[in-house]
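*Asks:* Everything below, folded, please.
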Amino acid sequence: MEPLTVIPPSWFAIRVRSRSEKVAAADLSARGFPVCAATVPHRLVWIDRIRTVQMPLFPGYIFAQFHPADHALIQRASGVAGIVGCNGIDHPVSAQEMEPVLTLLRSGVEVFKTPYLHVGAKVRVCHGPLAGVTGELLQIKNRFRLVVSVHLLQRSVAVEVDSALVEPIQNDRVPLRTVA
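*Replies:* As a prediction, this is how the structure comes out:
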């Protein structure tokens, strides 16, 4: 008799109702699921004051780690509108896309929203708190940003990096994308 192999849970993108990221994340967390609400500090500036609030990097979406058999439990959580997929089938976010997002959030570096990119040089960060993170390199007015994408959501986030800290991956010869 063969031993049973335990399949680890996968990360899934969960679509939430408008401005319900925190509610959905809290409910799923209370149900025992690992959750990543992907929020970062954002400065709001008014005439008389400045306030820093946590804002979602991917508005309308959170991530949760679960087995596909837990689909019904996830769907019933407060604020959840659905699980991202196609033709009624939930599609997990690949570990190669999810791990860099989690590393960016844990690192404490400032993370920027950026347009989703289809092209660009694939790079890996060699040194510092982001060592090992892979993504696409974007150049904006003599500054470089590392863009990490979640293709399933067609969303991207970016962090500013020193170009000396990154190396190209597998002879990637696509030129850097420059924005004026």
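
*Asks:* so is the residue positioned nearest the centre of the chain in a helix, a strand, or just coil?
*Replies:* When Cα atoms, centre = their mean is applied to the chain, the residue found nearest the centroid is Val101 (4.1 Å). When classified by DSSP: H, G, I helix; E, B strand; the rest coil, Val101 comes out as helix.

*Asks:* Correct me if wrong: it contacts Val148.
*Replies:* Yes. Shown here, Val101 and Val148 form a contact pair, counting by Cβ atoms under 8 Å, at 5.9 Å. Bear in mind the C-beta positions are built from the backbone N, C-alpha and C, glycine included.

*Asks:* shared neighbours, these two?
*Replies:* Common neighbours of Val101 and Val148 (criterion: Cβ atoms under 8 Å, 6 or more residues apart in numbering): Val157.

*Asks:* Count residues in the vicinity of the residue nearest to Pro56 when sequence neighbours are not counted, would you?
*Replies:* Counting by Cβ to Cβ, 6 or more residues apart in numbering, Pro56 lies nearest to Glu21, which is 4.8 Å off, once chain neighbours are set aside. Glu21 has 25 neighbours, counted by other Cβ atoms under 10 Å.

*Asks:* Ala164 now?
*Replies:* The burial count for Ala164: 9, using other Cβ under 10 Å.
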